[in-house]
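S.K.: heads up, no residue letters with this:
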């Protein structure tokens, strides 16, 4: 197991170095931030001083080496627009996105897996067919359209829930959370539902497919022959056997949702990382863009590592091979 951990750590270092180069070169090729930072009627001297202050007058390879040196020290630079350390800026927006992502993915998993198992266990029932039909809608309807409909119905027409913002928050250990207050929960509900529908449909279909496959195996047949109840069979035999693909999808969906919740955060004015990256792209705030993409890369590396550990915990055969 120790050899596996060392191998994955070395792979992660190589991946991060390659991604750092791709991210830096890709962001460098997008426009000229000086055109956004400086007024068009500024003098040439002011323009040259600003370029030198941000180090944009250096050759590309020198900028990249300076970037790697700062990155090794945990310094992601300063934001051109907000004029503050990028790491502080990203960390200030991360709790909002993390809270929204956890609510969406956890809710979709806790609801989708039981519904999918029921649909797989009773595939010919009317309820199962209705659930599968609704899951197709979850895959097909665009997220932005669902968000607008939710706002129109529950915020504008009925007035039950707020249309945007994060609401009242509570600070715990220096981090603001909105789910700890009633007003914050009201603000969290609509964007979390909007973000979770696609994940809910995926979890339902994944659990259904796994359940349909497992109930036909000899394991379930022997369990029934031994007199075990159907609930016991589902809980002790079917659920553990379908848990590995569910853990995989949960981890990857959590990472992708945390990284790309841009549409939902924009529609509901949720002050998270998605809204921040949109603002940074519009203003060509390169340090923020690079920090965001590096954070996404690190996030997926960590999630894949945790998924491998979860495999080893769920399946003894994997532990034996390692």
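M.R.: On my side now, so go ahead. Note that the structure is predicted; figures quoted are calculated from it, not measured.
S.K.: state the pLDDT value of residue 47.
M.R.: We have a pLDDT of 73 for residue 47.
S.K.: try residue 154
M.R.: Value for residue 154, per-residue pLDDT: 90.
S.K.: so what's it closest to, chain neighbours aside?
M.R.: residue 161 (4.7 Å; CB to CB, 6 or more residues apart in numbering). The C-beta positions use only the backbone N, C-alpha and C, and glycine is treated the same way.
S.K.: in three-state terms, label the one you found for me.
M.R.: Of the three states, residue 161 takes coil according to DSSP: H, G, I helix; E, B strand; the rest coil.
S.K.: burial measure for it, as a count.
M.R.: For residue 161, the neighbour count with other CB atoms under 10 Å is 17.
S.K.: what's the answer for residue 12, then?
M.R.: Neighbours around residue 12, by other CB under 10 Å: 16.
S.K.: again with the one 3 residues further on
M.R.: Neighbour count for residue 15, taken as other CB under 10 Å: 15.
S.K.: shouldn't it be in contact with residue 294?
M.R.: No. Counting by CB atoms under 8 Å, residue 294 is not a contact partner of residue 15; they are 11.4 Å apart.
S.K.: just to check, residue 249 is in contact with residue 205?
M.R.: No. At 10.2 Å, residue 249 does not count as touching residue 205 under the criterion of CB under 8 Å.
S.K.: check contacts around residue 124.
M.R.: Shown in contact with residue 124 (CB atoms under 8 Å, 6 or more residues apart in numbering): no residues.
S.K.: so where does it fall, helix or strand?
M.R.: For residue 124, there is no enclosing helix or strand under DSSP states H and E.
S.K.: do you know the pLDDT at it?
M.R.: So, for residue 124, pLDDT stands at 82.
S.K.: please report how far it lies from residue 207.
M.R.: Look at residue 124 and residue 207: by CB to CB, to the nearest Å, they are 17 Å apart.
S.K.: same question, residue 28
M.R.: Relative to residue 207, and taking CB to CB, residue 28 is found at 44 Å.
S.K.: burial of residue 205, as a residue count?
M.R.: 20.
S.K.: helix or strand: which one has the nearest residue to it once chain neighbours are set aside?
M.R.: Nearest residue to residue 205, sequence neighbours excluded (CB to CB, 6+ apart): residue 135, at 5.4 Å. Using DSSP H and E, residue 135 sits within helix 126-140.
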